[in-house]
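S.K.: attaching a predicted model along with its sequence, questions to come.
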Amino acid sequence: MMIMVDQEGGYVQRLGPPFTVIPHARTVGETGDVHAAAAVASVIGKELRAVNIDMNLAPVLDVDMNLRSTVVGKRSFGVNSSLVSEFG
């Protein structure tokens, strides 16, 4: 049996305290720093491993193509496909 969770940060953070509060992907993307994205991923991975969760169903690699839509929004690293793929 595999145990999976969607722990991407921001609106979609299934595990609360004492787990680290993770910012929205958009906040991370706006830094322009892929090392920040790697650091966030590392924290999430270490915390999930510590509680025997096998797989994280994140990050969302959608490109926010419709800024009026609330479906993707802050869950996306950005509006540019190159940036989103690099951060993913």
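M.R.: That came in fine, so what should we check first? Numbers count the residues shown, from 1 in each chain.

S.K.: would you list every one of the helices in the chain?
M.R.: 25-29, 34-50, 81-87 (DSSP state H).

S.K.: looking at those helices, which is buried most?
M.R.: helix 25-29 (a mean of 22; mean count of other Cβ atoms under 10 Å). Where you see a C-beta, it was placed from the backbone N, CA and C, and this is true even at glycine.

S.K.: what does it rub up against?
M.R.: If you take Cβ atoms under 8 Å, 6 or more residues apart in numbering as the criterion, helix 25-29 is touched by 8-10, 36-37, 40, 59-60, 64, 73-78, 83-84, 87.

S.K.: one step back: can I get the helices of the chain in a markdown table with mean pLDDT and distance to Arg14?
M.R.: Output for the helices of the chain, formatted as a markdown table (pLDDT from 0 to 100; distance: least, Cβ to Cβ, whole Å):
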| stretch | mean pLDDT | distance to Arg14 |
| --- | --- | --- |
| helix 25-29 | 96 | 15 |
| helix 34-50 | 96 | 10 |
| helix 81-87 | 95 | 21 |
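
S.K.: out of those helices, nearest to Met1?
M.R.: Across the helices of the chain, Met1 has its closest neighbour in helix 34-50 (15.6 Å, Cβ to Cβ).
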